[in-house]
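> I need the structure of the sequence given here:
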Amino acid sequence: MPPSSRINSIDALRGLALFGVLAMNLDTAFRISLFEQFLPGTSDRGIDLTVDAFLYGFLDLKAFALFSLLFGLGLAMQYDRLATSARRTILLTRRLLALLVFGVVHLLLIWNGDILTEYAVTALIALPILFFPGWPLGIAAAVCLLLYAVMPMLPSPVSFPDVAGLTRLVQAANHAYGTGNFTRILEFRIQEVKDIIPLHVLIFPRTLGLFLLGAIIWRSGLIKNAGHHSGKLWIAALLLISVGLVITFDTTARWFSGWPSIGSIEGPATQLGVIILPLGYGALVLAIGTIQRGRFLAWLEPIGRMAFTNYIVQSVIAGWIFYGYGLGLMGKMGPASGMVLVIAIYLAQMLLSSWWLKRFRFGPLEWLWRTMMYGKQPEFRIYN
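Numbers count the residues shown, from 1 in each chain. Take a look at the predicted model:
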């Protein structure tokens, strides 16, 4: 998308979501095994416990949900902007197939916690639904999100290891990633994919539902006419964040304190919190974007415009820091130290993104993705 046609608040929101994605990926899937988060209890104490409580309360799954919502919104934007093109379906399909290629390469060669592959597959399923008018989109989104909310009360569609099985997965991952060379890690990463697939199955209804909800929000005109809905956005942000935090902190406090469970509704409440709180974040950023005295979130826009490139670069950097072919720090860094690293990486990417976009129209991977979609190279450099 050319810079002149971008929506600043969406870029800022994407930049904010990217911070949450980096923080959770580094905390739960690079410094330790991806499966360690599913083991009961925590050995963290002091500042590490505080950081973990913050991450799980404010960001865990919420950042990914917000990213899913934004991806669906972006897909709907592309769909509408190609409305006059006879090649709309072909171009969008090529765009998603190109994303699938990126995702598979990322998953196999860099990090198997990749979300791009699931996004590409889910978006290919969502694409035909975009041809329908608003109400089928609404029904499909509601069904998907309701299914995600009640899934903890239903028989699991996939088998998941018990505590002993999870412990073995964690130990094997810590050894392979923490000490292996690139070849050994590549072999283990591919072997581990079969254990990660069930996690993607479990979040698929949420991903599809949020894709469709993002499309509905775009078609509602709320984004394009946010200035006319400032009051409603502030009220929505207050209500959604308040409800989301009550749900989230109630379940998070029990996780970290050992408080008794609220029974069968705890699972659905947790799932709903994952959806409600990110919607509140989104409404808040849009509301802030309507303030006329200044663009308070402009500092987030460059990193948001280059979110695709920055996401992949984050994986490359974290892999070098934690894996055996780099510094080999897996299992040797606590949550607090990890958060310092997250902030350092994010600040560096903010500065580099701002520098880059003063010279180029797109991030490097955004440019390549656009080239693969259209079959021709868009103008890359900015000539003053």
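
> Now do the lowest-mean-pLDDT helix or strand in the chain: which elements does it pack against?
When each helix and strand of the chain is scored by mean pLDDT, DSSP states H and E, helix 230-257 comes last, with a mean of 83. Judged by 3 or more Cβ pairs under 8 Å, 6 or more residues apart in numbering; DSSP states H and E, helix 230-257 is in contact with helix 46-54, helix 266-289. Glycine gets a C-beta too; all of them are placed from N, C-alpha and C.

> quick one: the last one to helix 230-257, angle?
It stands for helix 266-289. Angle, helix 266-289 to helix 230-257, by axes from the mean of the first three to the mean of the last three Cα atoms, to 10 degrees: 140 degrees.

> and helix 266-289, which residues are buried?
By 16 or more other Cβ atoms under 10 Å, the buried positions in helix 266-289 come out as 267-289.

> For the following helix or strand past it, output the C-alpha coordinates as PDB.
Counting by DSSP states H and E, the next helix or strand C-terminal to helix 266-289 is helix 301-305. Only the C-alpha atoms of helix 301-305 are listed here, as PDB (Å, rounded to 0.1, in the frame of the first residue of the first chain):
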ATOM      1  CA  GLU A 301       3.700   4.100  12.800                       C
ATOM      2  CA  PRO A 302       7.100   3.200  11.100                       C
ATOM      3  CA  ILE A 303       7.500   0.000  12.900                       C
ATOM      4  CA  GLY A 304       3.900  -0.900  12.200                       C
ATOM      5  CA  ARG A 305       4.300  -0.100   8.500                       C
END
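
> And the average pLDDT for helix 301-305 is what?
Per-residue pLDDT values across helix 301-305 average out to 96.

> what's the helix or strand just after that helix packed up against?
Note on helix 301-305: by DSSP H and E, the next helix or strand toward the C-terminus is helix 307-322. On a contact count with 3+ Cβ pairs under 8 Å, 6+ apart, helix 307-322 meets helix 8-25, helix 335-357, helix 364-374.

> Just name the most buried of those.
Ranked by mean neighbour count, these are led by helix 8-25 with a mean of 23 (mean count of other Cβ atoms under 10 Å).

> circling back: from the chain's centroid, how far away is the least confident helix or strand of the chain?
Centroid separation between helix 230-257 and its chain, computed with Cα atoms, centre = their mean, to the nearest Å, is 19 Å.

> tell me the centre residue of this structure?
What sits nearest the mean C-alpha location of the chain, by Cα atoms, centre = their mean, is Phe64, with 2.9 Å.

> per-residue confidence at that one?
On pLDDT, Phe64 comes in at 94.

> For it, what is the enclosing helix or strand?
Using DSSP H and E, Phe64 falls in helix 62-81.

> Give the buried residues for that helix.
Neighbour counts over helix 62-81 (16+ other Cβ under 10 Å) mark 62-79 as buried.

> Quick check: next helix or strand after it?
Toward the C-terminus, helix 62-81 is succeeded by helix 88-105 as the next helix or strand (DSSP H and E).

> name the helices or strands packed onto the following helix or strand past that following helix?
Counting by DSSP H and E, the next helix or strand C-terminal to helix 88-105 is helix 116-126. For helix 116-126, the packing partners by 3+ Cβ pairs under 8 Å, 6+ apart come out as helix 62-81, helix 88-105, helix 182-219.

> Name the surrounding residues that touch the helix or strand following helix 116-126.
Using DSSP H and E, the helix or strand that follows helix 116-126 in sequence is helix 134-150. Defining contact as Cβ atoms under 8 Å, 6 or more residues apart in numbering, one finds that helix 134-150 is touched by 129-130, 203, 205-206, 208-210, 212-213, 215-216, 219, 268, 271-272, 275.

> likewise stretch 93-105?
78, 114-121, 123-124, 127, 312, 365, 369, 372-373, 375.

> and that stretch, C-alpha only, in PDB?
Extracted in PDB, the C-alpha atoms of stretch 93-105 (Å, rounded to 0.1, in the frame of the first residue of the first chain):
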ATOM      1  CA  THR A  93      -5.000 -15.500  -3.900                       C
ATOM      2  CA  ARG A  94      -1.400 -14.900  -5.100                       C
ATOM      3  CA  ARG A  95      -0.900 -12.600  -2.100                       C
ATOM      4  CA  LEU A  96      -1.900 -15.300   0.300                       C
ATOM      5  CA  LEU A  97       0.000 -18.000  -1.400                       C
ATOM      6  CA  ALA A  98       3.100 -15.800  -1.300                       C
ATOM      7  CA  LEU A  99       2.500 -15.400   2.400                       C
ATOM      8  CA  LEU A 100       2.200 -19.200   2.700                       C
ATOM      9  CA  VAL A 101       5.700 -19.500   1.100                       C
ATOM     10  CA  PHE A 102       7.100 -16.900   3.600                       C
ATOM     11  CA  GLY A 103       5.400 -18.800   6.400                       C
ATOM     12  CA  VAL A 104       6.800 -22.200   5.500                       C
ATOM     13  CA  VAL A 105      10.300 -20.900   5.100                       C
END
